[in-house]
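Peer 1: what's the 3D shape of this:
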Amino acid sequence: MKGRVLIIGIDGGTWKVLDRAIEAGYMPNLKNLKESGAAGILESTMPAITPAAWGSFQTGKNPGRTGVFDFTRWDRETKERKIVSSRDLGRTVWDIAGKAGRKVGVVNVPMTYPPKEINGYMVTGVLTPDTNSKFTHPEGLRKEILKQVPGYHVFNLQNVRNGSPHERFEAFLDDMAAIIEARTEVARVVLEKEKLDLFMVHYFASDVVQHVMWGYIDPDCPHYDVVKAELVLSRFYSALDREIGKIVDLFGQGAVFIVSDHGFQRHEKRFNLGNWLVEKGFMEVDEEAFEIPKHVEGIRKVDPLNLRRFIPHGVRKKVAGEKDEKDRYEWEGSKVYSMGRSGEGFIYLLEDDDKCRMATARRIKEGLEQVSDGDRLVVSSVLTKEEVFSGNRLGWMPDLIVVPAAGYTCTGFYQHEMDRFHIVNTEDDFHMGRHHRDGILVANGKGIAPVQDLRTSIMDIAPTVLAYLGIDIPGDMDGKEIDLAGGGS
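Peer 2: Now for the predicted structure:
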């Protein structure tokens, strides 16, 4: 065994912000780890979405092998969307390390629910229903956490429900800081059990802060505010740095990897892809089935991050009167079905005849690549699934991936009575920032050379960690070991 490994996940971490926080003196722990170790860009998956990226991070495989490209995927047979889970990933780095006899701990990492029986401890992350569910392994760890960390939530959105974060700016930042402090406390509970060979804690609040506050902290945005930008750095990122320092101290001797699933960029407008497909005759909908009851509009206002999508549809249907999504479409007349709202748009081709499918795909590609917003093209490219993914689950993937131009996102779902574009603003859209494929990587430890210009893939982390632990890398991983010794390839 070469050594022990600590991994700290900063969701959405980007050097665009972190370097500024370091330069301003708010992140001395990250500065020391970065400058005395290796650092650079960790390129995300396509699409650069939380479940796809963290799924590939844990498996070393591209989404075409996990089947995970978004929070849900569409079943062509039942015409229903299904929430993804840890069951989709198969063997992960935690499984491999545990089977090799290493003791493992995993805290709050996305795509770990339901928890697996690993050689150690697991506290699941995003997509965990609530703290009443079985969110730990072993199961008894759940009671310890709830006792030692009162008020623990997998993710607490009460701060948003209590009012707009733009109106209670500093309180929102303090709430986000408190959430990451609670994550560290849970990590402490796990780390104090026994000496672990591989441990990871993930901080999700950084992603939320950047979605909400990006307009204030990016100098290229019209909402940029020097005072607010400074407050974000001093109130949130300084707190994040303190937690990084605590975790490193708690773990003790070993290599430290700091990673993110993606970076961030400016978000100006949403392009309603589903509406364009209906407008052009590729998709037909039942307009009346899309009518939204007034009380549902109220629900949406207090759930701006759309977490209700993780509530079983049967419950939503009963409480809110929402109709089954598949009943909203006229399938006989539809050539496609589209989904997605996090960045890229995903299109499934429905026609049985291959020539018809190819013709439809060509028309969609040609049409989308000409869509303009004034003098700006909205779509960067339209890619086939074969151009993006590979693997045994290619059949699960959408046929076309619509990549928006910088500043835009695609909403694949049809938006009733909405225009082709929706301007992102602070009144009704808390996503002032959108994901970018360039995330971050810091690696610090014995045998790791101080190189500052790394560029590698998120799929490379799992094999690199295994190699550092002295464990053979499985041959079915797409990722490769990163040369951290500075010897070149």
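Peer 1: CA atoms for contacts and neighbours, from now on please.
Peer 2: Fine.
Peer 1: the helices in the stretch 351-489 of the chain, which residues?
Peer 2: Per DSSP state H, counting those that start in this stretch, the stretch 351-489 of the chain carries helices over the ranges 354-368, 385-388, 461-469.
Peer 1: for Q265, helix, strand, or coil?
Peer 2: The three-state assignment at Q265 reads strand, by DSSP: H, G, I helix; E, B strand; the rest coil.
Peer 1: one step back: most neighbours per residue, which of the helices of the stretch 351-489 of the chain?
Peer 2: Mean neighbour counts were compared across those using mean count of other C-alpha atoms under 10 Å; the top stretch is helix 461-469, at a mean of 23.
Peer 1: R81 - that's part of a helix, no?
Peer 2: No. Going by three-state DSSP, the assignment for R81 is strand, not a helix.
Peer 1: relative to V212, how far out is it?
Peer 2: Per C-alpha to C-alpha, to the nearest Å, R81 is found 27 Å from V212.
Peer 1: ok, K31 next?
Peer 2: Taking C-alpha to C-alpha, one finds K31 at 25 Å from V212.
Peer 1: cool, and A462?
Peer 2: 30 Å.
Peer 1: likewise for F290?
Peer 2: Counting by C-alpha to C-alpha - F290 and V212 are separated by 28 Å.
Peer 1: same question, I180
Peer 2: According to C-alpha to C-alpha, I180 stands 17 Å off from V212.
Peer 1: again with V256
Peer 2: V256 is 29 Å from V212, by C-alpha to C-alpha.
Peer 1: quick one, which of these two is more surrounded?
Peer 2: V256 (23 against 20; other C-alpha atoms under 10 Å).
Peer 1: ok, that one - contacts?
Peer 2: 5-8, 248, 442-445 (C-alpha atoms under 8 Å, 6 or more residues apart in numbering).
Peer 1: isn't there a strand covering it?
Peer 2: Yes. Counting by three-state DSSP, V256 is part of a strand.
Peer 1: quick check: bridge partners of it?
Peer 2: L6, N444 (DSSP bridges).
Peer 1: just checking, G345 touches D399?
Peer 2: No. Shown here, G345 and D399 do not form a contact pair, counting by C-alpha atoms under 8 Å, at 10.8 Å.
Peer 1: neighbour count winner among these two?
Peer 2: Counted by other C-alpha under 10 Å, G345 and D399 do not tie: G345 has more neighbours, with 26 against 20.
Peer 1: for the more buried one, phi and psi?
Peer 2: Dihedral angles of G345 (phi, psi; degrees, to the nearest 10) stand at phi -110, psi 150.
Peer 1: quick one: pLDDT of it?
Peer 2: Here the pLDDT value assigned to G345 is 97.
Peer 1: ok, and the most crowded of the contacts of V256?
Peer 2: Most surrounded of these: other C-alpha under 10 Å gives V442, at 27 neighbours.
Peer 1: how about that one, what does it touch?
Peer 2: The contact partners of V442, taken as C-alpha under 8 Å, 6+ apart, are 33-34, 37-40, 256-259.
Peer 1: all strands of the stretch 51-200 of the chain, in order?
Peer 2: 72-75, 80-83, 104-109, 120-124, 136-137, 198-203 (DSSP state E, counting those that start in this stretch).
Peer 1: please convert these to a markdown table, extending it with distance to G407, mean pLDDT and mean neighbour count.
Peer 2: Output for these, formatted as a markdown table (distance: least, C-alpha to C-alpha, whole Å; pLDDT from 0 to 100; neighbours: other C-alpha atoms under 10 Å):
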| stretch | distance to G407 | mean pLDDT | mean neighbour count |
| --- | --- | --- | --- |
| strand 72-75 | 24 | 95 | 17 |
| strand 80-83 | 27 | 94 | 14 |
| strand 104-109 | 28 | 98 | 25 |
| strand 120-124 | 32 | 98 | 26 |
| strand 136-137 | 39 | 98 | 24 |
| strand 198-203 | 25 | 98 | 25 |
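Peer 1: distance to K16 for those - can I get that in a markdown table?
Peer 2: A markdown table is the format used below for the strands of the stretch 51-200 of the chain (distance: least, C-alpha to C-alpha, whole Å):
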| stretch | distance to K16 |
| --- | --- |
| strand 72-75 | 29 |
| strand 80-83 | 32 |
| strand 104-109 | 23 |
| strand 120-124 | 29 |
| strand 136-137 | 35 |
| strand 198-203 | 18 |
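Peer 1: looking at these, spot the one closest to Y26.
Peer 2: Comparison of those against Y26 by C-alpha to C-alpha identifies strand 198-203 as nearest, at 17.5 Å.
Peer 1: find the nearest non-adjacent residue to L89, please.
Peer 2: T66 (5.1 Å; C-alpha to C-alpha, 6 or more residues apart in numbering).
Peer 1: just L273 next, same as before
Peer 2: Closest to L273 by C-alpha to C-alpha, 6+ apart is G412, at 4.9 Å.
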